[in-house]
Structure formats: structure tokens, C-alpha cells
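Engineer: Attaching a predicted model along with its sequence, questions to come.
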Amino acid sequence: MLPPILEIFVVWHPDDDRGAQLAETIFDHFMTGPTFSGVIGGGVQVSFRSTGWEGAATAPRPIYAEGREGPNGIQPASFVAVVPLLGTEMAACAENEHTQWHGYVNAIRDLNQASPERVGVFPYALNAGATNETKLQELLGSFQFVAAGNPHSHGEDIASMLCRDLTQGLAQLVSPDEMDRLTAFISHTKRHSQGEGEDVDALVELVREVIRNTRLNEFFDANDLQPGTDWDQELRDKSGTSAMLALRTDLYSSREWCQREVVIAKTQGMPVIMMDAIGIGEERGSFLMDHVPRIAVRKADGRWQRQDVYRALNLLVDECLKRALWLHQRDLARERPDLDVAWWAPHAPEPLTLSRWIDGFLEEHGEDESKNSVRILHPDPPLGPEERDVLISYARSTRLGRDIDIMTPRQLATRGG
């Protein structure tokens, strides 16, 4: 329906152990997981480059990027990411400057140098020897490697670290915002319910420690601000390059400042991940806290589980890339007025965000007597029928005074959009 935004080319030598396995890991993360299936078809694609194009011992098919059309004139994606999986077999084949593999790896570097703002290169070393004084190191050593640390020492596995590092790099490549590094905003209570004080403090410290051990090594916490700092404005200023990790402990949903932080994040379109760490229970909860992805964080043997925190961070990074892809698709859709979308909502609308959008829509367009419905498009999954009916009834009761047509890309496609 729209031109592709991002294509990921995973490159490995067919004789390098683990190359195919990790390529499948990357494919599954971006193509079969629920997060990226929610954007319009073509938002992200994963292609493999391994088998020789002209037979054994030859290099794979070319990588198509800006300035190099695909077969039958197919236009390349707006952004291209190349993930070379560097093993000893690739290193051996690329050592001779007259081989096809040497030329292929050199072409990857040239694609980046010709268009660094559109082509990203994210190598991963399958074997340490592949980049130890080799031509591969000479050609690709200037790029920042993904999953270059030792995840096992921090209670993580390679697949988790690889996908998170890669996704973060892709988000920084694709983001329409000026983003040097993604910042995680940690939102948590400053007071604790009876009996949970030490538990909450331990969870906050674990989250901070885990973030320090990742490339998400920048985080922002209202507790860190100096006296007199306007944290409200600080959060709004960081909204384009931040994502919120909310630690929902027993008192979180009832605290005024926590509610305000969530409201700012949602209305500014920031990705929000709710870490469900309820201990004793909540007295009432809050409608402001729902309608966001939620990860359960639990204790075992008296300690918060580190793996749960990693799962939350990985989902947070995924949501950041999804947001960046969605914003680019919104911009491309301006060339498709037939889609007739009034609001490209970065998340499924809810009363909070819908009311803010209606105010902005009426301020921009004014009130009129039109009875035509207003189309709102948001990423999958779709709202349930009862949720949608409540929002439609609410929109009719406001100054908007007409129906809203809320749908996802898949629902739009079934209508022939």
C-alpha cells in the first residue's frame, strides 16, 4: 500500500556455524513477532544474503539500496540496514582482494559511505578470529558491532542482546527526530506502601543496573533532577527521543506525579511500557495507566527477576522503532490523499489521547457542520467492538459532533484502502 520504509539484509557465509541460526532469530524478531506486524505492510522487511548467486564459492545476490534498483525496477526501501554475521569462513574468503566475497563486503562499506543517513551497517562477530587482523576487520571495523559484550555475565542470552542492540541502532537510523541515543525515562513512586519500601527500592536499582549494562545507558528520572529544575518541561523536551518505563508498584497508579508523567508521555506520543510489579495490591487503579504494553515483573527466592527487566527493555526498544516506522509511513501517506486519514495515532486511541487530539483538530480546522466521519488509523492490534463504541459515542458528545472511523492498516486494506 505504501513504499517500504526499512529493509534489513542479513549477510553470512553459508559455511559459518550459527550464521543461519542467528539470521532466523533476526527474521523471527522483526517478521513474525507481534510488535512490527502492527505497522502497514512494507514497514519493515528482512532479506537473507548467503548462498552464492552464481554457484558455489561466489558471493550472494547484491544488496539493493538508494541508487541501486532491485530486479524488475523495484525501488529499494527508504532505509537499508546490513547485518554482516562475521565468521571465519567469510574472513577467509574475503582475505584475498580479488575474490567476490572481498568485493561484496567492500560494497557494503561503500553503500554506507555513499549514504550514511540512509544505510546502516551493524556487524556481529560470530567468531573472534574473524576480526583479528583480517580484511574483514579492515573493511568493517569502523562500524559499531552489535551484541559485542558478554550477555551471559549479566544474566542475558545472545539472541536477546543481539535483537535489542540491532533494534536500537535501527531506531536511531530511521527516527525522524534528531536522536543520538535513545533515553529511557524511568517512572516510579517516591513513596511506598507499608511493607514494600525495600522491595520497590530494590526494583528501581535493578532497572538502573540493567540499563547501565546495555546500550540504553542513558536514563532520565525525575529524582535525578536538580532542585528547581522544571521536570515537566524536561520530559516534554525529551519526548521525541525518549520512551517511558513505568514501574507499577502498589501505590504507583494513585500518585499524582506518576499520573502526570504517564499523561505527558501518552499525549506526546512516547512509547510507554508498564512493568507490572504489584505486590500487595491496588485500592483502585487508574484508567490513565492502562492501554499500554505490560510486562510482568516477579520475584523468585526473594529477588526481582533480571530476565523480566530485560524483556521490558527489549519491548521498549521495539516500540521505539515501531513509532519511527509509523511516523515515516504517515509522512509518505501525504502523497496518498485517497487514504483520507485525519490522525495517524501512534497508539490505539483512548479517551485521554482522543480528547487531546479532538482539541487540536478543532483548533486547526475549526468547527463545521460536516457529518462525514473522521478517519483515525493506528497500528495493530485493533480495538475491541466495545472499546470502539465507547470512543465513537464520546466523539459524538464533544464539539467534534460526528462519528470517528477507527481502524488499523489491516482493516483499511480489507476495505480496499
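Structural biologist: Everything's here; your move.
Engineer: residues touching the residue lying closest to L140 once chain neighbours are set aside, list them.
Structural biologist: Once flanking residues are discounted, L140 sits nearest to P123: 5.0 Å by Cβ to Cβ, 6 or more residues apart in numbering. No exception for glycine: its C-beta is placed from N, CA and C like everyone else's. Taking Cβ atoms under 8 Å, 6 or more residues apart in numbering, we find P123 in contact with V83, P84, L85, L86, L140, F143, F145, V146.
Engineer: Tell me if I'm right that the last one and Y124 touch.
Structural biologist: I take that to be V146. Yes. The pair V146 / Y124 is scored as a contact, 5.2 Å apart, by Cβ atoms under 8 Å.
Engineer: Those two: who's more crowded?
Structural biologist: When V146 and Y124 are compared for neighbours, Y124 comes out ahead with 24 against 21, by other Cβ atoms under 10 Å.
Engineer: Let me see the ranges of the helices in this structure.
Structural biologist: 19-27, 88-95, 100-114, 135-140, 158-174, 197-212, 231-238, 256-267, 306-332, 351-365, 385-397, 409-414 (DSSP state H).
Engineer: so which of the ones you listed comes closest to S373?
Structural biologist: helix 385-397 (8.9 Å; Cβ to Cβ).
Engineer: Kindly export that closest one (C-alpha atoms) in PDB.
Structural biologist: Written as PDB, here are the backbone C-alpha positions of helix 385-397 (Å, rounded to 0.1, in the frame of the first residue of the first chain):
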ATOM      1  CA  PRO A 385     -16.000  -3.600  19.500                       C
ATOM      2  CA  GLU A 386     -17.000  -2.300  22.900                       C
ATOM      3  CA  GLU A 387     -13.900  -0.100  23.200                       C
ATOM      4  CA  ARG A 388     -14.500   1.300  19.700                       C
ATOM      5  CA  ASP A 389     -18.200   2.000  20.500                       C
ATOM      6  CA  VAL A 390     -17.300   3.900  23.700                       C
ATOM      7  CA  LEU A 391     -14.800   6.100  21.800                       C
ATOM      8  CA  ILE A 392     -17.300   6.800  19.000                       C
ATOM      9  CA  SER A 393     -20.000   7.800  21.500                       C
ATOM     10  CA  TYR A 394     -17.600  10.000  23.200                       C
ATOM     11  CA  ALA A 395     -16.500  11.800  20.000                       C
ATOM     12  CA  ARG A 396     -20.200  12.400  19.100                       C
ATOM     13  CA  SER A 397     -20.700  14.100  22.500                       C
END
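Engineer: Centre of the chain to that helix, how far?
Structural biologist: Offset of helix 385-397 from its chain centre (Cα atoms, centre = their mean, to the nearest Å): 29 Å.
Engineer: For that helix, buried residues please.
Structural biologist: R388, L391, I392, Y394, A395 (16 or more other Cβ atoms under 10 Å).
Engineer: what's that helix in contact with?
Structural biologist: With Cβ under 8 Å, 6+ apart as the test, helix 385-397 has contacts from P349, E350, P351, L354, S355, I358, V374, L383, R402, D403, I404, I406.
Engineer: now that helix: mean pLDDT?
Structural biologist: Average pLDDT, helix 385-397: 95.
Engineer: now the angle from it to helix 351-365?
Structural biologist: Angle of helix 385-397 versus helix 351-365, following axes from the mean of the first three to the mean of the last three Cα atoms, to 10 degrees, is 40 degrees.
Engineer: circling back to that earlier point, which one of the buried residues of helix 385-397 is nearest E209?
Structural biologist: L391 (40.1 Å).
Engineer: who does the least confident helix or strand in the chain by mean pLDDT pair up with?
Structural biologist: Of all helical and strand segments in the chain, the minimum by mean pLDDT, DSSP states H and E falls on strand 219-220, at a mean of 70. If you go by DSSP bridges, strand 219-220 pairs up with strand 183-187 (parallel).
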